[in-house]
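> My questions are about this predicted structure, shown below with the sequence.
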Amino acid sequence: MDQPHSQNKKIAGAILAGGKSRRMGQNKANIEFQGRPLALHVIDRLGPQVPQLLWVGDVKPPGEAESLLKTLHDAVPGRRGPLAGILTALEWAASDACIFELVQIATVDMPFLPDDLTDRLRTTANPDCAAIPTYAGGRLQPLAGLWPVSWAPSLRTALERSESLSVRAYLDEMPSKLVDFASGFRDPFVNINTPEDLARAENSEF
């Protein structure tokens, strides 16, 4: 893993790995992609961009990466979806021992994340405002966004009030700015959710 960008020293990274992988039929973190566990591709993409990389979820990271990551279990019981994982990362980063102001979110099934994702988002985000990437005509990618640590209390309250709160619904109530990533030969935010997605990604069809 390369050295993180020094200008991102107040930004932690968090890989969300708490999904059930129903459509894949097996755990996605360790499924083989291009000869390696899928999660390692995400770690390789995000790791050099931040000084601290978190792994959020009950599934263990691939063995060779476990020593490089701070592993956290969801702070909200009952598999409440990605917002629970985001809350876990934000609350950890908000603890007295931490100096982080923002958390770069990613999911375990995003192997093509831009190498400059955090650098581009940090110019727009601030300690009270998220930066959310968009792609292909403005399609929001909140699970690759840069989220403020200061949102932790608000997010916990929102999750306690609603068991069905969606990421988009929460973001609609919070200050955020969009950062467009121009379309290229491959979607950098593609999620590998199914065996068909996996085959397409192997063949560079995204």
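Right, received. Where do you want to start?

> what's around Ala84, how many residues?
By the criterion of other CB atoms under 10 Å, Ala84 has 22 neighbours. C-beta coordinates here come from the backbone N, C-alpha and C atoms, glycine included.

> Please give me every residue in contact with the closest residue in space to it that isn't next to it in sequence.
Closest residue to Ala84 apart from its sequence neighbours, by CB to CB, 6 or more residues apart in numbering: Val76 at 4.0 Å. Counting by CB atoms under 8 Å, 6 or more residues apart in numbering, Val76 touches 84, 87-88, 156, 159.

> Ok, Val108 next?
Val108 neighbours (CB under 8 Å, 6+ apart): 15-17, 19, 28-29, 38-39, 42, 57, 59.

> How far off centre is the strand or helix carrying Trp55?
Using DSSP states H and E, Trp55 falls within strand 52-56. Using CA atoms, centre = their mean, to the nearest Å, the distance from the centre of strand 52-56 to the centre of the chain it belongs to is 9 Å.

> Can you give the strand pairings for it, parallel or anti for each?
Partners of strand 52-56 in the sheet, by DSSP bridges, are strand 11-16 (parallel), strand 70-72 (parallel).

> Okay, buried residues for it please.
52-56 (16 or more other CB atoms under 10 Å).

> And Ala130, what's its pLDDT?
Ala130 carries a pLDDT score of 98 in this model.

> Low-confidence ranges, this structure, go.
Along the chain, segments meeting pLDDT under 70 span 1-6, 19-26, 78-79, 183-185, 205-206.

> Does Leu113 touch Phe189 like I think?
Yes. In this structure, Leu113 is within contact of Phe189 by CB atoms under 8 Å, at 7.3 Å.

> So for these two, which residues contact both of them?
What both Leu113 and Phe189 touch, as defined by CB under 8 Å, 6+ apart, is the set Ala144.

> can you give me the helices in this structure?
Counting by DSSP state H, the chain has helices at residues 38-46, 82-93, 117-122, 152-161, 167-172, 195-202.

> want to throw those into JSON lines with distance to Thr71?
Listed next are the helices of the chain as JSON lines, based on distance: least, CB to CB, whole Å:
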{"stretch": "helix 38-46", "distance to Thr71": "12"}
{"stretch": "helix 82-93", "distance to Thr71": "11"}
{"stretch": "helix 117-122", "distance to Thr71": "21"}
{"stretch": "helix 152-161", "distance to Thr71": "19"}
{"stretch": "helix 167-172", "distance to Thr71": "22"}
{"stretch": "helix 195-202", "distance to Thr71": "25"}
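
> Quick one, which of those gets closest to Ala130.
helix 167-172 (7.1 Å; CB to CB).
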